[in-house]
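Asker: this is a predicted model, with the sequence first.
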Amino acid sequence: MPFFRDFALSIQLPLPYNPADSITEQIASSFQNSLTNLKTTYLDSYLLHSPCRTLEQTLEAWRALIALQNEGKVRMIGICNAYDVSLLHALSRERQVQAVQNRWYEENDWDASVHSYCRANDVMYQSFWTLTGSPSLLTHPTLLELAAAAACTPAQVVYKIAQLEGIVPLSGTTSTLHMQQDITVNEIELPAESNAKLGVVRNFIWG
Ligand SMILES: NC(=O)c1ccc[n+]([C@@H]2O[C@H](COP(=O)([O-])OP(=O)(O)OC[C@H]3O[C@@H](n4cnc5c(N)ncnc54)[C@H](OP(=O)(O)O)[C@@H]3O)[C@@H](O)[C@H]2O)c1
């Protein structure tokens, strides 16, 4: 239904904060709106959508998230669309970044440096564009063989391989069936004789 999807995207929702406010105030207001919308008193995870224009602004936003965590209002804090490891180092001098949510796909070389930083520092790396961004992975002949051997779909194998690389892949499906399949990825066991094929796919990703 592309028409309805485009129509929905064209609706301008009001900002959940006043852009004239300071960054700290914007986050306080946005956070309160999220609690109200989600009918809850705390959030499991609260991520800055992207770095701000300057490092100082990003640090101000990060300190606002730290304050929310200190107050017990959020459990995990992190940042999305952060592709520069030096930024993660700068934030972590204030408090360790606990989650990163980034594009994980072939066009950005699978975000190798940030992914590696996250693995080394026990940071949860959440991926998006995992399926849509990498059609050549999704249709890789060896990946298709792995899917056949494990009796699952190529999409499930991509998510499984992401998990094996220490990634939490986010599913962007709009389909109940696909979501059910995605939830079962945790339980998929690739047969032991698939190890060589797994190596081929890993090599395709990381080179
Ligand atoms: N932080 C950010 O800046 C940011 C940016 C973008 C996205 N996100 C979030 O990341 C999450 C993932 O979104 P994405 O678009 O990047 O997801 P994705 O995994 O790259 O792609 C989902 C697409 O793949 C299709 N698909 C086919 N088989 C599927 C299966 N088994 N499971 C899931 N999808 C399947 C879906 O179609 P069907 O609907 O037909 O299943 C949908 O078109 C979402 O929650 C999104 O909000 C965050």
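Answerer: Yep, it's here. Residues are numbered from 1 along each chain as shown.

Asker: just the element for Q101, please.
Answerer: In this structure, Q101 is located in strand 99-103 according to DSSP states H and E.

Asker: which secondary structure elements does that strand sit against?
Answerer: Strand 99-103 makes packing contacts with strand 43-48, strand 74-80, helix 112-120, strand 124-128 when contacts are defined by 3 or more C-beta pairs under 8 Å, 6 or more residues apart in numbering; DSSP states H and E. Any C-beta I mention is one placed from the backbone N, CA and C, and that applies to glycine too.

Asker: mind doing that once more with 6 Å?
Answerer: The criterion is 3 or more C-beta pairs under 6 Å, 6 or more residues apart in numbering; DSSP states H and E, and the helices and strands that strand 99-103 contacts are strand 74-80, strand 124-128.

Asker: burial count for R93?
Answerer: Residue crowding around R93 was assessed by other C-beta atoms under 10 Å; the count is 10.

Asker: around the ligand, pick out the residues from the protein.
Answerer: Within the chain, the positions near the ligand by C-beta under 6 Å from any ligand atom are 49, 80-81, 101, 128-132, 153, 155, 170-175, 178, 181-182.

Asker: show me which of those residues are buried.
Answerer: C80, Q101, F128, W129, T130, L131, T153, A155, S171, H178, Q181, D182 (16 or more other C-beta atoms under 10 Å).

Asker: can you name the two of the residues you listed that sit furthest apart?
Answerer: Taking every pair in those and measuring C-beta to C-beta, the maximum separation is 26.8 Å, between C80 and T153.

Asker: returning to what we had before: show me which of the buried ones among the residues of the chain next to the ligand is closest to R202.
Answerer: T130 (15.2 Å).

Asker: now T184: how far from S175?
Answerer: Distance check for T184 against S175: by C-beta to C-beta, to the nearest Å, it reads 14 Å.

Asker: actually P154, not the one I wrote
Answerer: From P154 over to S175 the distance is 15 Å, taken as C-beta to C-beta.

Asker: tell me the secondary structure of T40, please.
Answerer: At T40, secondary structure determined by DSSP: H, G, I helix; E, B strand; the rest coil is coil.

Asker: how many neighbours does it have?
Answerer: The number of residues packed near T40 is 11, by other C-beta under 10 Å.

Asker: the one 5 residues further on too?
Answerer: Using other C-beta under 10 Å, the number of residues around S45 comes to 14.

Asker: just checking, it touches V74?
Answerer: No. The pair formed by S45 and V74 falls short of the contact definition of C-beta atoms under 6 Å, at 7.0 Å.
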